[in-house]
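Trainee: Sequence first, predicted model second:
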Amino acid sequence: MGATAAGGQPTREQVHDYWALLKPRVMTLVVFSGIAGLIVAPGSLHPVLAAVAILCIAVSAGAAGAINMWYDRDIDAVMARTKRRPIPTGRVHPSEALAFGIVLTIFSVMLMGLAVNWTAAALLALATLFYVFVYTMWLKRRTPQNIVIGGAAGAFPPMIGWAAVTGTVDPGSIVLFALIFMWTPPHFWALSLYRCDDYAKVGVPMLPVVAGKAATKRQMLLYTLLLLPLAPLPAVMGLTGWVYGLAAVILGLLFVHHALRVLRAPDAGNADHGPAKQMFKFSLTYLFGLFALMMLDKAPGLAVLAGLGG
Ligand code: HEM
Ligand SMILES: CC(C)=CCC/C(C)=C/CC/C(C)=C/COP(=O)(O)OP(=O)(O)O
């Protein structure tokens, strides 16, 4: 660690920088989807163990983010969106970020295994390793399919939350995994449409850079259409009530609507790409909304409260 305040205590700025290494804003949705897996899973977990499981998911995801920032420090220093991060600005030394990420990964996986169960711990380790090795180190700089395949890392949290309760991987948790897996390409490609120049500058082969904006928009529509029948499946499987199922269809139609608006919009320059920006924002509302409703409508469902049957 660099300079510390008197008494060896880290300064407020250092705490802030190490916090930033954990990509805390992305972590909110990772944690939210993990909690949804935990709540929708059949069975129950002692509240203290549930809190430990969520803490482990948060810490592991953050640690993976720190290792990602260590590996990507060369390109992060060039891209407008990432150049103010703690490593490119020299506020955290790369080796310190790497050590921080490795120590937190080991801590969170071991804690999950010892306190909760080893299936959840193994899935947590797999998600972290997948994000670091498969996405960050292998695919990100090699193929425009990087986020389709590598994005699987971000689909693990609800499966991990579920496994914390049941100790198993079940059809229900595979559906929750598939949901985030299908959601990630439109989520990220919407952003990459208006951040295209950044990626081109550093030679990262994101889809709009390699295949063009029109092809990217068609792929985004395809994934939103695949999500449409997938998202209501938890209701069909009886994991939630029909209120969730109905909401999933409505949210899905809105997501398709955004994809169509993006498809029809002219291929504007980097800075002003209104519909893509709106779709990126909506992608976050969509997934937060879906998981929030899933938790609220966990079987037997909200309809029971309203006296309408389950
Ligand atoms: C490979 C897959 C993914 C890629 C490449 C990706 C990429 C990005 C990028 C570049 C941003 C913009 C951050 C910024 O403006 O600086 C972003 C934002 C965000 N992503 Fe993703 N993402 C992926 C998957 C996920 C997953 C799985 C989740 C959670 C389930 C997620 C949650 C979020 C959230 C909550 C934000 C908003 C953060 C903010 O407010 O700045 N992302 N993502
Ligand atoms: C439970 C667990 C260990 C989960 C880890 C997976 C995880 C946090 C997935 C989110 C994916 C993500 C933030 C991708 C951005 O990477 P990027 O490098 O393309 O984005 P950047 O350019 O902003 O660094």
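Mentor: Happy to help now that I have it. Numbering: from 1, shown residues only. Ligands and ions are numbered 1, 2, ... in the order given.

Trainee: In the stretch 201-310 of the chain, which residue sits closest to ligand 2?
Mentor: Here the stretch 201-310 of the chain gets closest to ligand 2 at one residue, residue 204, 8.0 Å apart by CB to the nearest ligand atom. Just so you know, the C-beta spots here come from the backbone N, C-alpha and C atoms, and that holds for glycine as well.

Trainee: Not counting its neighbours along the chain, what's nearest that residue?
Mentor: The shortest distance from residue 204 to any non-neighbouring residue, by CB to CB, 6 or more residues apart in numbering, is to residue 141 (5.8 Å).

Trainee: pretty sure that neighbour contacts residue 199?
Mentor: No: look at residue 141 against residue 199 with CB atoms under 8 Å: they stay out of range, at 10.3 Å.

Trainee: Which of the two has more residues huddled nearby?
Mentor: More crowded of residue 141 and residue 199, by other CB atoms under 10 Å: residue 199, with 19 against 15.

Trainee: Next, that one: secondary structure please.
Mentor: Here residue 199 is recorded as helix under DSSP: H, G, I helix; E, B strand; the rest coil.

Trainee: What distance do you get for it to ligand 1?
Mentor: With distances taken as CB to the nearest ligand atom, to the nearest Å, residue 199 is found 10 Å from ligand 1.

Trainee: wait, isn't that residue in contact with residue 191?
Mentor: No: Residue 199 is beyond contact range of residue 191, at 10.0 Å (criterion: CB under 8 Å).

Trainee: Tell me which other helices or strands the one helix or strand residue 250 maps to touches.
Mentor: For residue 250, the host element (DSSP states H and E) is helix 242-264. Here helix 242-264 touches helix 171-194, helix 213-230, helix 233-236, helix 274-296, helix 302-305, going by 3 or more CB pairs under 8 Å, 6 or more residues apart in numbering; DSSP states H and E.

Trainee: for this structure, which spans come out with low pLDDT?
Mentor: Within the chain, the stretches with pLDDT under 70 are 1-7, 268-272, 300-310.

Trainee: quick one, what contacts the residue in the stretch 151-300 of the chain that ligand 1 sits nearest to?
Mentor: Relative to ligand 1, the nearest point of the stretch 151-300 of the chain is residue 154 (2.3 Å; CB to the nearest ligand atom). Taking CB atoms under 8 Å, 6 or more residues apart in numbering, we find residue 154 in contact with 30, 127, 131, 180, 184.

Trainee: List, out of these, those positioned next to ligand 1.
Mentor: Counting by CB under 6 Å from any ligand atom, 30, 180, 184 from the contacts of residue 154 sit close to ligand 1.

Trainee: SS state for the residue lying closest to the first one once chain neighbours are set aside?
Mentor: By that I understand residue 30. In this structure, residue 30 finds its nearest non-sequential neighbour in residue 61, 4.5 Å apart by CB to CB, 6+ apart. Using three-state DSSP as the criterion, the local structure at residue 61 reads helix.

Trainee: Quick check, residue 61 in contact with residue 153.
Mentor: No: using CB under 8 Å, residue 61 makes no contact with residue 153, being 9.0 Å away.

Trainee: For these two, work out which one has more neighbours and name it.
Mentor: residue 61 (30 against 26).

Trainee: Can you get me a residue count around residue 58?
Mentor: 19.

Trainee: Need the nearest residue in space to it, chain neighbours excluded.
Mentor: residue 31 is the one closest to residue 58 (CB to CB, 6+ apart), at 5.0 Å.

Trainee: so how many other residues sit close to the one you found?
Mentor: Neighbour count of residue 31, defined by other CB under 10 Å: 19.

Trainee: quick one: contacts for it?
Mentor: Here residue 31 is in contact with 54, 57-58, 61, 157 (CB under 8 Å, 6+ apart).

Trainee: Quick check: it vs residue 172, distance?
Mentor: Distance of residue 31 to residue 172, computed by CB to CB, to the nearest Å: 20 Å.

Trainee: what sits against residue 87?
Mentor: By CB under 8 Å, 6+ apart, the contact list for residue 87 reads 21, 69-70, 73, 76-77, 93-94, 97.

Trainee: switch the cut-off to 6 Å
Mentor: 69, 73, 94, 97 (CB atoms under 6 Å, 6 or more residues apart in numbering).

Trainee: And it, its phi and psi?
Mentor: phi -80, psi -50 (degrees, to the nearest 10).
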